[in-house]
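**Student:** Provided below for reference: sequence and predicted model.
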Amino acid sequence: MVKVFVGVESDFEDRGRRVIEYNDTEIGVFFVDEEFFAYENKCVHQGGPICQGRILNRVVEVLADDRTSQGLTWDEEDVHIVCPWHGYEFNIKTGVHPGNKNARLRRFDVSVEGGEVYVDV
């Protein structure tokens, strides 16, 4: 296992990201809700640059008791990364697709040491 320097912790804003390259692997490092997450920059659908996609909250439909739609809203707890090629979404904290638990991004461990952020490759 190799620790690859990503940057200084204080340089990351909430929902910020940095994409690095180590050998032939691109890795996206995200800072969301005071935590770091890292994934290979390769969507499981068709290999798109998932880590360069939009970061947004999951859209959910609000249903009344009679199951009629009351419209759409944002889920404040469920933050997603959206692949720019075909719109596949993955939970940014787990790397799992919301509709298929078997579709998941390749995850890397992230550590912070002395204010510096590292990815274990």
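**Tutor:** In hand now; what should we look at?
**Student:** residue furthest from the geometric center of this protein?
**Tutor:** Largest separation from the mean C-alpha position in the chain: Asp66, at 34.6 Å (C-alpha atoms, centre = their mean).
**Student:** name the residues of stretch 33-43 that are buried.
**Tutor:** Of the residues in stretch 33-43, those with enough neighbours to count as buried (16 or more other C-beta atoms under 10 Å) are 36-43. To be clear about C-beta, it is placed using only N, CA and C from the backbone, and glycine gets the same treatment.
**Student:** distance of the spatially most central residue of the chain from Asp66?
**Tutor:** Centroid-nearest residue in the chain, with C-alpha atoms, centre = their mean: Ile92, separated by 3.0 Å. If you measure Ile92 against Asp66 using C-beta to C-beta, to the nearest Å, the figure is 34 Å.
**Student:** quick revisit: SS state for the residue farthest from the centre of the chain?
**Tutor:** coil (DSSP: H, G, I helix; E, B strand; the rest coil).
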